[in-house]
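[1] Sharing a model prediction with you, sequence too.
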Amino acid sequence: MDPEQDRIAPRQSLTALLFSAFLPGLGQLYNGEVSKAAWFFILTLCMGIPLASYLILHLPAAWTLYIVVGIVLGLVLLWLLGMVDAVLSARRKQVYKPLAWQGMGTYVLVFLLLSQVLYPSVNTYLRSYWLEGFTIPSASMEPTLIAGDWILATQRYNCAGCVAKVKRGDVVVFTYPNDRTINYIKRVIGLPGDRIQIRGMQVSVNGETISSAPKRQSGLAVVQERYEDKRWVVVWREPDKVLRPLDVTVGAGEVFVLGDNRNNSNDSRALGAIPLHDVFAKARQIWMSYSRERGGLQWDRIGQVVD
């Protein structure tokens, strides 16, 4: 008889705790509870980005902040539950015969496969086809978005089989045409075939002015713009500066985009119209905002829906 088959190896509470701290379910696997470990692995996978993406895409945008907070708290509770359960189970298994597969190599292999292969692969897929986070590095979209905003953008947009199509007024993420490793974010003003005219601070689409009369505020000209049911605010810095008039017709398969900070934006006035197939996401909500220049965390911006 193989003496290893009769070897008694009590489960150590500290080991079970540390394994569960690395990954919920790993402590249960150490305790020989394969079924329970599998449930912890599945819940850890589903309660992160997959669940958040599903809820954010199917519930009102105003709920996004609460969904993110709820998911984070849920994951923390799952982690704590995994550690407590593993410790209590280990204490009950002081007369324990390890199974043939139970060894450090198995635990390391499972941890690496889950944490470095399966979980990242699922999250990468979801970020590519469902929901992605972006940071705003510049002031080109002020006041809608400021440098330091962290936004969520839906990728179920402007794609084959997607219901959501590009509309005038949408704040979209697209591939920068001069460097395809960079993403830009701007507002769609014109669709294929639209005639865009800019005279001073007045913007017209197909002969219809979408800009209100400017109001001067602290050296800025603030303009309300609208198209159908959408409303947004743009600013013109140095409002007395004369800009060259623009009159263009958007080509087939292209969109005309502008930044909301009109005197501080590299957009279709300089780049030309953007290929429609390069637009891959629509900004949905600000979930975090931190600006050192503005004094740190911007609590009033967290949870704002991007209009």
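    That came in fine, so what should we check first?

[2] use CA for all of it now, contacts and neighbours both
    OK.

[3] tell me the domain boundaries of the chain?
    The record's domain split for the chain, according to automatic domain parsing, is 3-129, 132-301.

[4] Tabulate these (JSON lines), appending mean pLDDT, distance to Asp307 and mean neighbour count.
    Shown next, in JSON lines, are the domains of the chain (pLDDT from 0 to 100; distance: least, CA to CA, whole Å; neighbours: other CA atoms under 10 Å):
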{"stretch": "domain 3-129", "mean pLDDT": "92", "distance to Asp307": "11", "mean neighbour count": "17"}
{"stretch": "domain 132-301", "mean pLDDT": "93", "distance to Asp307": "7", "mean neighbour count": "17"}
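
[5] Work out for me the element the residue nearest to the spatial centre of the chain sits within.
    A centroid search over the chain (CA atoms, centre = their mean) returns Gly133, at 2.2 Å, as the residue closest to the centre. If you go by DSSP states H and E, Gly133 is part of strand 131-135.

[6] Test my guess that the residue nearest to the centre of the chain contacts Asp149.
    No: if you go by CA atoms under 8 Å, Gly133 and Asp149 don't touch, sitting 10.5 Å apart.

[7] packing partners for the strand holding Gly133?
    Judged by 3 or more CA pairs under 8 Å, 6 or more residues apart in numbering; DSSP states H and E, strand 131-135 is in contact with strand 149-154.

[8] Recalculate using a threshold of 10 Å.
    Strand 131-135 is packed against helix 49-58, helix 119-129, strand 149-154, strand 279-291, with contacts defined by 3 or more CA pairs under 10 Å, 6 or more residues apart in numbering; DSSP states H and E.

[9] before we move on, the earlier item: shared neighbours, Gly133 and Asp149?
    Between them, Gly133 and Asp149 share these contacting residues under CA atoms under 10 Å, 6 or more residues apart in numbering: Gln285, Ile286, Trp287.

[10] Give me the distance between the residue nearest to the centre of the chain and Leu99.
    Going from Gly133 to Leu99 by CA to CA, to the nearest Å gives 43 Å.

[11] same thing with Val171?
    Distance from Val171 to Leu99, counting by CA to CA: 56 Å.

[12] Same check on Ile274?
    Plainly put, Ile274 is 61 Å away from Leu99 if you go by CA to CA.

[13] show me the residues around Leu17 that make contact.
    Counted by CA under 10 Å, 6+ apart, Leu17 has contacts 23-24, 26-28, 80, 82-88, 90.

[14] In three-state terms, how would it be classified?
    Assigned by DSSP: H, G, I helix; E, B strand; the rest coil, the conformation of Leu17 is helix.

[15] what ranges do the strands span in the stretch 201-307 of the chain?
    202-205, 208-209, 215-217, 220-227, 230-237, 246-249, 254-258, 274-275, 279-291, 296-297 (DSSP state E, counting those that start in this stretch).

[16] With distance to Lys165 as added columns, please give those strands in a markdown table.
    Shown next, in a markdown table, are those (distance: least, CA to CA, whole Å):
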| stretch | distance to Lys165 |
| --- | --- |
| strand 202-205 | 19 |
| strand 208-209 | 22 |
| strand 215-217 | 33 |
| strand 220-227 | 16 |
| strand 230-237 | 15 |
| strand 246-249 | 20 |
| strand 254-258 | 12 |
| strand 274-275 | 14 |
| strand 279-291 | 10 |
| strand 296-297 | 33 |
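
[17] Identify whichever of those strands lies nearest to Ile71.
    Ile71 sits nearest to strand 279-291 of all the strands of the stretch 201-307 of the chain, at 13.0 Å, using CA to CA.

[18] packing partners for the closest one?
    Identification of packing neighbours for strand 279-291 by 3+ CA pairs under 10 Å, 6+ apart yields helix 49-58, helix 64-92, helix 119-129, strand 131-135, strand 149-154, strand 171-175, strand 183-190, strand 296-297.

[19] I appreciate the help and will end here.
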